[in-house]
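>>> generate a structure from the sequence data that follows.
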Amino acid sequence: MRRRAGLATAGVAALAWGEWLNWRWSRALVGNRGGAVEAVVVLGYRNPRTTPNFINRWRVRAGIRSAATDSARDTRVIFSGGATSSRQAEAHLMADFAKSVLAFDGTVLLEDQSRTTWENIAHVIPLLEDVDRIKIVSHPAHALKARAYLRRQRPDLAERLVRADDYRPGEWILVKPLLALYGLWTLRGLKADERKLLGG
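Residues are numbered from 1 along each chain as shown. So this is what the prediction gives:
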């Protein structure tokens, strides 16, 4: 009985830890900037098939709900990702899913050349020059990494970063401890000032 109680307590603690860490990452390197023109950058995930996988489908949904959370007059959704695991670019798969399955009828732009997160950011920069607010959509650790890369490549544009709607309490809760462990590994190269909670 005690062993079961101990396992249950450990399980609850792991879930709470995963939830907290993902929550914290979702709020790092973002501000509260306003503005009428907004870009929502949705980062792709390697996709070996000709239809979007579960992760890319979720990212598209998170991107669309991120575009709907504010009253920006002009919002563009940018799908970013080249052909990393198949012949078809992730950006095209995500855009097709957004339009044909989710019936998204907003402005869509594609960046279909990148093969890494660093390249995702480098290649979308020309599409961000004239926007007031930038949201980067992925799982929290990956989105934070991308925001840090924007800060390194174009600190002036990084000043325009605001929170996306890619973290919600309880969403992915059973795998959030695993996402947290993976996030700690993938974010190991970030500097202390790139993990700051700036607001939002």
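>>> which residues in this protein form strands?
With DSSP state E, the ranges of strands along the chain come out as 37-43, 74-80, 107-111, 133-137.
>>> centre of the chain versus the longest helix along the chain, how much separation?
In the chain, assigned by DSSP state H, the helix with the most residues is helix 2-26. On the basis of Cα atoms, centre = their mean, to the nearest Å, helix 2-26 sits 23 Å off its chain's mean C-alpha point.
>>> please state the mean pLDDT value computed over stretch 46-65.
Summarised as a single mean, pLDDT over stretch 46-65 is 93.
>>> that stretch: which residues count as buried?
47, 52-53, 56-64 (16 or more other Cβ atoms under 10 Å). Every residue, glycine included, has its C-beta placed from N, CA and C.
>>> with stretch 13-27 instead?
14-15, 18-19, 21-22, 25-27.
>>> other SSEs contacting the longest helix of the chain?
helix 140-153, helix 176-186 (3 or more Cβ pairs under 8 Å, 6 or more residues apart in numbering; DSSP states H and E).
>>> nearest to Asp105, of these?
Proximity to Asp105 (Cβ to Cβ) singles out helix 140-153 among these, at 24.9 Å.
>>> ok so, going back, which outside residues touch the longest helix of the chain?
With contact meaning Cβ atoms under 8 Å, 6 or more residues apart in numbering, helix 2-26 is reached by 139-141, 143-144, 163-164, 166-167, 169-170, 172-180, 183-184, 187, 197.
>>> cutoff 6 Å now
140-141, 144, 167, 176-177, 180 (Cβ atoms under 6 Å, 6 or more residues apart in numbering).
>>> now distance to Ala91 and mean neighbour count too, for the strands of the chain, in a markdown table please.
Below are the strands of the chain laid out as a markdown table (distance: least, Cβ to Cβ, whole Å; neighbours: other Cβ atoms under 10 Å):
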| stretch | distance to Ala91 | mean neighbour count |
| --- | --- | --- |
| strand 37-43 | 9 | 26 |
| strand 74-80 | 4 | 24 |
| strand 107-111 | 5 | 18 |
| strand 133-137 | 13 | 28 |
